[in-house]
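# I'd like to go over a predicted model; first the sequence, then the structure.
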Amino acid sequence: MKISLDVNGQKRPLDIEPRVTLLDALRDDLRLTGAHTGCEHGVCGACTVLVDDAPARSCLMFAVQAEGSKITTIEALAAGPGELGIIQDAFCATHGLQCGYCTPGMILTAHALLRDNPSPTRAEIVDAISGNICRCTGYGQIVEAIELAAQRLRGANLEAVR
Amino acid sequence: MNAPSNFTFVSSDRRVREDRRFVAGQGKFVADITETGMLHVAIVHGSQTAARIVSIDATRALEMPGVVGVVEGEELRAAVEPLMNGLDTPRVQRYPLAIKHVRYHGEWVAAVVAQTRAQAEDAAECVDVVYETLPNVIDTEEAYKPGSPPVHPAHGSNVLLDRTFNWGDIDSDFAASDHSLSLRVTWGRSSTVPIETFGVVAMWDPWSETLDVRASIQMPKYADQIARALRLPGNAVRVHYDVDVGGSYGVKRGIKHTVLVGYLAMKLKQPVRLIEDRLENMESGDAHGPDRIFDIEVAFNKDGIVNSMKMRAMDNAGAYAGRAPFQLGKPIGAIVGPYRINSVRYQAVSVTSNKAVQEAVRGFGQSPTNYAIETMMDRVAEFVGLDRVEIRRRNFIRHDEFPYLIPSGTRYDSGDYHVVVDKVMKHVDWDGLIAERDRLRASGLYAGIGISACLEPSGGNSSFEPLLNSTNTTTTWMESCRINVDALGHVTVTIHTTSSGQGHETLASTVIGEILEIDPDSIRIVRTDSLTSLPGNSPVGSRMAVMLGGSCFHAANKLKTKMIAIAAKNLGCAVEAVEYAGGAFHARDSNKKLSWLDLVTIAHRNYHLLPEGFEPGLEATNVYQVPTGNELPTADGRVQMYPCHSFEFHCILATIDPDTGKVDLRRYVIGHDCGTVINPHIVKGMTLGGIAHGIGAALLEEFVYDSEGQMLAQSFMDYLMPSSHEVPEVEIVHHCTPSPFTVMGQKGSGESGYLGAPAAISGAVNDAVRALGIRFNRLPMRMTAISDAIAEAKSNNAQSR
């Protein structure tokens, strides 16, 4: 069926089967491959994107259900080509990743957290990312990255999301 | 060898260069690859644990939209060679698809190829397979019995390996000891379960007769194995090493997937892709870890000194042999842990069963073995009434005894175990920790302290191959590096493997920058493919800091030596009189100098200025042999296994909720000594990540099978991996004992944390429930098992009162 998705601020017309997940539509039809396929049953969080600014499992949602919503993927978070956003840079500063597979979902989750809560406690960060499984890091440097990003965002007097 | 403080870039707080592409979602994973005309594969899975395949009918499937073809085992058997076995077990044959029989639940029976994955999956459901059920065997000890139903009748039994090693005079040591005790511990079947499943894209070019393979692979000799199985010349297979791998930790070795897809690509003359779905990955991706029972007898004196150990390790390898049984061999290189144990009897048993196939898992059998050794030490401490730290101190190899030869033939490189333990004890405030445990107990919780002292053998060679398979004569496990300086003076380095998060680009640029005294960030790292690469064995066995690091070091020094010779000629002085600093060349006795670019220009453009016999241009290569382990095993089964031995000392305070059985890790301290650290961020990440993985193996993760061979953990809702809630904030206490065997004193750290966490967590849980008179001798200790055991113990204690 024909739909139009609002992805990263652009209208993207699509002609897809109703059974296609938002994840597959983003990856296969729109070639936005930053959202990753992990478990396909909504547990691991590798496919996390923002739907109307809230983290959502794009593997648990049909693309047709996303029509009318604002979809944000990791590709929209860089300040420009080759130029990292503050949260992305903080993940590099603390090495809050290894293989990079869960990382886009983790960063989008952090992005949503810091927009709602500019000064999260460690426990609040742990809680926010608890739906994103990372198999490499044991989460320590991810928590540090989000703490660092929060501090920098506060210092920069910028909103996490404009 | 340099002390760490003498380094400029090595050991310094530098970013990991790979991270930039990943935080932007710009990693290039296998599922991100599309090719024109690419076809998709879906697998038909067996629905039986053990059965004869009576018929496969693909008629309905072939009529479905988009379907290009269906392939089954018999067709494949005619076209490909059996997949490689590690052991000498030629009758245990394995192909990508089942041949006549299915041997475990979910085994691949047929493959459907279609224009889209969805079409292939739809059609796979319409392939009709008729089975005749056969007897099965799931239990390890049952499988070991002579009368058990053989998984491979042609092999004659389920025993793949049953070998006993005697290192030293075990019987005399037992006779001379004051006491002995025996114990059994069991390591349940889990794995590394990367968030990215395995995937592969293969393309056959009939005009150049080349098979191009892009895969999420971490496997030694992958290209060779593909070529052998597909009956192609080695130089007809091009494996691309520039694919990012979304986690592996050992298991990403999809050889059956690759041979299947390679065959289909050649047959159909179109690119073919297979990406496992999650159930496939867990049930039939052939990527489970060790599944092992340890029976131990230990002889010791009344002062707690351990003299001798008899260990039988019996592993349930699953339905096919593969390389996994070697995971009983690698721990032989650290079979006494960090302890002075005079003699060892080790019986290694591997059996087939109707469970899924194993693959290499982080540590290659060392973590289960460490769990067994450490549980043994706790039991001895309990028996003689000694503190668990004190008994370890008494048995540790002393700093001045290194290099230390253990009974099974490996010489440990270096260590300072007593000092690491002292540092951790001080950091954690041991007396305070005990007081805190007792306070928690008084508040109504079960509380316990656990410790473990474990080794991480690293720098992997493959000496377990000839040790367990007499037809195998492997004594090298090299790694390579090539450095090229272009005519503008910029440095490009090629590395010859894929990476799955280990930061090899950072490793190579840091080491080469250190030697050449140039900014590592100015060095470009490129990944070649298997046709343009130098020999290598991929990042297994915690080896890349030692092996890729060693290769980069030697290549950079070779390049530097070459440049100094060119400089000497052009400065008019002896080679010894040239000083190299920060990329420039000075003659010590005059004020003449050459810049880096001067030198590069001579090499690239001025043949007349080169020393006689020099090749023009500026490049250097090195193929690096593992620093130790260059000999075949002795007749009595002694061999030098890995060259380096990192040390970790874990100290944990845990509580258990008395009603739910939930374990809460309240304090987690690890003392870690991996010699010289190349990049502190990477080592920290490996350590923390390894601990998280160890928490999973100890408390959560298990591929549970029912008695009929149905795997019960089929999703992430029943195979539980640690989330941020389960992993505590970990405190790391650093120590550095450089290895005398490596170029910068480095050792491995890729398995750190995982090798000691399960043992320490087990110790803490057992300390917590000791007053109830119960013990947990099996991992994982899941909440339900703990709460049931506590409830039963309470009930029994109430009745006996």
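Sure, I can see it.
# list the buried ones in whichever strand or helix holds A:A149?
Assigned by DSSP states H and E, A:A149 falls within helix A:140-156. For helix A:140-156, burial by neighbour count (16 or more other Cβ atoms under 10 Å in any protein chain shown) applies to A:140-150, A:153. In this view, the C-beta of every residue, glycine as well, is placed from N, C-alpha and C.
# so what does it touch, helix or strand wise?
Judged by 3 or more Cβ pairs under 8 Å, 6 or more residues apart in numbering or on different chains; DSSP states H and E, the packing partners of helix A:140-156 are helix A:86-94, helix A:103-116, helix A:122-128, helix B:680-695.
# which residues touch stretch B:116-132?
For stretch B:116-132, the external contacting residues (Cβ atoms under 8 Å, 6 or more residues apart in numbering or on different chains) are A:17, A:19-20, B:40-44, B:46-48, B:51-58, B:60-62, B:64-67, B:70, B:102, B:109-110, B:112-114, B:275.
# average pLDDT for the longest helix seen in chain B, rounded please.
In terms of residue count, the longest helix belonging to chain B (DSSP state H) is helix B:544-571. Confidence over helix B:544-571, taken as the mean pLDDT, stands at 98.
# the helix or strand that it is followed by pairs with which strands, parallel or anti?
Scanning forward in sequence from helix B:544-571 by DSSP H and E, the next helix or strand is strand B:578-581. Partner strands for strand B:578-581, per DSSP bridges, with pairing direction: strand B:584-587 (antiparallel).
# restricting to C-alpha, output the partner strand in CSV.
The C-alpha trace of strand B:584-587 is given here as CSV (Å, rounded to 0.1, in the frame of the first residue of the first chain):
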residue,chain,number,x,y,z
ALA,B,584,63.5,13.3,11.4
PHE,B,585,67.0,12.1,11.0
HIS,B,586,70.1,13.7,12.4
ALA,B,587,73.7,12.8,12.1
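# ok, the next helix or strand after it: who's next to it in the sheet?
Following strand B:584-587 in sequence order, the next helix or strand is strand B:593-594 (DSSP H and E). With DSSP bridges as the criterion, the sheet partners recorded for strand B:593-594 are strand B:584-587 (antiparallel).
# list the contacts of the strand it pairs with.
The list of residues contacting strand B:584-587 from outside it, by Cβ under 8 Å, 6+ apart, reads B:563-564, B:567, B:571-573, B:577-579, B:592-596, B:599.
# where exactly do the strands run in the stretch 401-550 of chain B?
Counting by DSSP state E, counting those that start in this stretch, the stretch 401-550 of chain B forms strands over residues B:404-405, B:411-412, B:446-458, B:479-485, B:491-495, B:524-527, given from the N-terminal end onward.
# same question for the stretch 251-400 of chain B.
Under the criterion DSSP E, counting those that start in this stretch, the stretch 251-400 of chain B contains strands at B:272-275, B:292-300, B:306-318, B:343-352.
# name the helices or strands packed onto the longest one?
The reference is to strand B:306-318. Contacts of strand B:306-318 with other secondary structure elements, assessed using 3+ Cβ pairs under 8 Å, 6+ apart, are made with helix B:140-144, helix B:170-176, strand B:292-300, strand B:343-352, helix B:366-384.
# strands paired with that strand, and their directions?
So strand B:306-318, judged by DSSP bridges, has these partners: strand B:292-300 (antiparallel), strand B:343-352 (parallel).
# could you dump the strands of the stretch 251-400 of chain B to CSV with mean pLDDT, distance to B:I406 and mean neighbour count?
Formatted as CSV, the strands of the stretch 251-400 of chain B follow (pLDDT from 0 to 100; distance: least, Cβ to Cβ, whole Å; neighbours: other Cβ atoms under 10 Å in any protein chain shown):
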stretch, mean pLDDT, distance to B:I406, mean neighbour count
strand B:272-275, 98, 43, 26
strand B:292-300, 98, 16, 22
strand B:306-318, 98, 11, 24
strand B:343-352, 98, 8, 24
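# okay, those in a markdown table with distance to B:Q714 next?
Converted to a markdown table, those look like this (distance: least, Cβ to Cβ, whole Å):
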| stretch | distance to B:Q714 |
| --- | --- |
| strand B:272-275 | 18 |
| strand B:292-300 | 23 |
| strand B:306-318 | 16 |
| strand B:343-352 | 22 |
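# now for the ones you listed, which one comes closest to A:G9?
Nearest of the strands of the stretch 251-400 of chain B to A:G9, taken as Cβ to Cβ: strand B:272-275 at 29.8 Å.
# ok, back up a step: give me the buried subset of the contacts of stretch B:116-132.
When burial is judged by neighbour count using 16+ other Cβ under 10 Å, the buried members of the contacts of stretch B:116-132 are A:20, B:40-44, B:46, B:48, B:51, B:53, B:56, B:58, B:61, B:64, B:66-67, B:70, B:102, B:109-110, B:112-114, B:275.
# from those residues, which ones fall inside helices?
Using DSSP H, the subset of those located in helices is B:A61.
# could you give the mean pLDDT of the helix holding A:A149?
Computed over helix A:140-156, the average pLDDT equals 96.
# so what's residue 132 scoring on pLDDT?
All of this refers to chain A. Looking at A:N132, its pLDDT is 98.
# oops, wrong one, chain B.
The confidence metric pLDDT takes the value 98 at B:E132.
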